[in-house]
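Trainee: Could you work out the structure for the sequence below:
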Amino acid sequence: MELTAQLSQHPLFQGVPDPWLERAAARGSVCTFLRGQTVASPDGQSPGLGVILEGTIQAHRPLAPTGTLAPPEVLGLQFLLTPRQALWGSLAALEDARVAFLPRDTVLELLEGCGPFAVNYVRCLSQLACRLTVQLETVTAGTVERRLGQYLLTHASEDMTVTTSATALAQSLSISRASLYRAFDILEREGAIRRERKRIRVLDPQKLPR
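Mentor: Predicted structure coming up:
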């Protein structure tokens, strides 16, 4: 019953009728991972679809930047229909985490028979594609200062701030913390940004390298 309630609040299951929701929850399993514990690996068995309920997970994928995943992220969303388990890469818990795994066959049944779920699935895939496009553009942007500037412009809120830790930001940009701090210093000296602990405020977007 608890899993049914948790899934009902997830974007992937918005508007999904109760019978489908209850069936998915009944077939799913919730796993708890301690900090540092492996969630999935390239040589492991495909776990189906993983809905992150709590905690943060770090992803190391082939030919892709290291990234962090947290609720309401979904693990394996883009790999469900491919037999290449290696594409999952290595997933490990950055902190204690809980993940609800849904069997592949159950997800396929939902895609074939439940319209709201299919629409939500496509929407989540589209959002993921947009994020990956931004990541790719950031990684290939050139200098660290330019990559940092593009990231800040893309992720800034309405008040032109980005809240994140240095570790998470360095991982998102696929750079070292030392390189990140050097870029911070350069952009601060130029009056483009100001750091306030975990908050980065964009003072003058025109001064950010493009």
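
Trainee: what's in contact with the lowest-mean-pLDDT helix or strand in the chain?
Mentor: Lowest by mean pLDDT, DSSP states H and E among the helices and strands of the chain is strand 67-69, with a mean of 78. In this structure, residues lying in contact with strand 67-69 by C-beta atoms under 8 Å, 6 or more residues apart in numbering are 52, 56-59, 61, 75, 91, 94, 135, 168, 171-172. All C-beta spots, glycine's among them, are computed from the backbone N, C-alpha and C.

Trainee: Out of the residues you listed, list just those in strands.
Mentor: Among those, the residues falling in strands (DSSP state E) are 52, 57, 58, 59, 75, 91.

Trainee: one step back: tell me the buried residues in the least confident helix or strand of the chain?
Mentor: Neighbour counts over strand 67-69 (16 or more other C-beta atoms under 10 Å) mark 67, 68, 69 as buried.

Trainee: cool, stretch 171-184 as well?
Mentor: Buried residues in stretch 171-184, counted by 16+ other C-beta under 10 Å: 171, 172, 173, 175, 179, 180, 183, 184.

Trainee: Now that the second one has come up, it's in contact with residue 151, right?
Mentor: Yes: the pair residue 172 and residue 151 qualifies as a contact (C-beta atoms under 8 Å) at a distance of 6.8 Å.

Trainee: next structured bit after the longest helix anywhere in the chain?
Mentor: Determined from DSSP state H, the single longest helix within the chain is helix 115-139. Using DSSP states H and E, the helix or strand that follows helix 115-139 in sequence is helix 144-155.

Trainee: Which elements pack onto that following helix?
Mentor: Packed against helix 144-155 by the contact rule (3 or more C-beta pairs under 8 Å, 6 or more residues apart in numbering; DSSP states H and E) you find helix 115-139, strand 161-163, helix 166-173, helix 177-189, strand 199-202.

Trainee: related to what we said a few turns ago, what is the nearest of the buried residues of strand 67-69 to residue 28?
Mentor: Within these, the smallest distance to residue 28 is 18.1 Å, found for residue 69 (C-beta to C-beta).

Trainee: Quick check: that closest one vs residue 166, distance?
Mentor: 19 Å (C-beta to C-beta, to the nearest Å).
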